[in-house]
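Chemist: No sequence on hand, only this structure:
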């Protein structure tokens with residue numbers, strides 16, 4: 001059976017217990033037969049680094065994403081209605097990688113995208129909860145911007161990418177890992193071996 005390498009993305013890096021939380025997530029992945037990679041694995045002590053290390057952090061994260069078969073992204077609301085911007089970029093990077101592979105007809109396996117949200121509120125409900133509207137029937141938020149017309153949980157670019165290239169789940173990290181393992185057991189990662 002192929003070993004599936006997963007990139008763990010999300011705003012969890014900003015938690016007070018971020019390192020401990022990352023270790024628990026990685027341990028759970030390993031117990032399920034997955035090979036986890038986390039931005040903290042780059043051995044970069046982010047809180048001790050100055051702005052001159054931004055490019056190093058970016059390059060290290062890109063290198064990890066290139067080496068992984070799938071992304072697991074925490075797309076819960078972060079400081080407002082939307083997911084963390086860095087996480088959104090990372091999901092977009094995986095989706096763009098897959099689009100480029102398809103367009104170039106390259107013999108390299110696509111990378112699967114798995115996003116999870118612990119909160120099953122639809123986007124309009126999130127907007128209300130965050131205080132951007134006062135009633136679910138409002139079409140424009142307090143900043144004068146229209147509310148998404150789609151009944152989705154997060155921005156459609158994130159949710160559709162996950163739905164089409166893996167899964168968008170509403171049950172949290174552990175269920176996301178179980179889905180990846182189920183997909184692995186169905187052979188959905190077997191193209192990895194064929195492309196090598």
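Modeler: Structure received. Nothing here was measured: the structure is a model prediction, and the numbers come from that model.
Chemist: Look up how far residue 77 lies from residue 71.
Modeler: Computed as CB to CB, to the nearest Å, the residue 71 to residue 77 distance reads 19 Å. Where you see a C-beta, it was placed from the backbone N, CA and C, and this is true even at glycine.
Chemist: what about the protein, any weak spots by pLDDT?
Modeler: Within the chain, the ranges that satisfy pLDDT under 70 run 1, 43-52, 107, 191-196.
Chemist: what number of residues lie near residue 15?
Modeler: By other CB atoms under 10 Å, the residues close to residue 15 number 12.
Chemist: Settle it for me: which of residue 71 and residue 77 has more neighbours?
Modeler: residue 71 (28 against 21).
Chemist: Which SSE is immediately downstream of whichever strand or helix holds the more buried one?
Modeler: Element membership for residue 71 (DSSP states H and E) is strand 70-74. The first helix or strand that comes after strand 70-74 along the chain, using DSSP H and E, is helix 85-104.
Chemist: Sheet partners, orientation included, of the helix or strand just after that next one?
Modeler: The helix or strand immediately downstream of helix 85-104 is strand 112-116, counting by DSSP H and E. Strand pairing for strand 112-116, determined by DSSP bridges: strand 70-74 (parallel), strand 166-169 (parallel).
Chemist: Name the residues that touch strand 112-116?
Modeler: Around strand 112-116, the neighbours that count as contacts under CB atoms under 8 Å, 6 or more residues apart in numbering are 6, 69-75, 91, 94-95, 98, 154, 158-159, 161-162, 165-173, 175-176, 179-180, 183, 188-189.
Chemist: Now do it: distance to the chain's middle.
Modeler: Centroid separation for strand 112-116 versus its chain: 6 Å, with CA atoms, centre = their mean, to the nearest Å.
Chemist: Same question for stretch 166-174.
Modeler: That offset, for stretch 166-174, works out to 10 Å (CA atoms, centre = their mean).
Chemist: and if you look at stretch 127-145?
Modeler: Relative to the centre of its chain, stretch 127-145 is centred 26 Å away, using CA atoms, centre = their mean.
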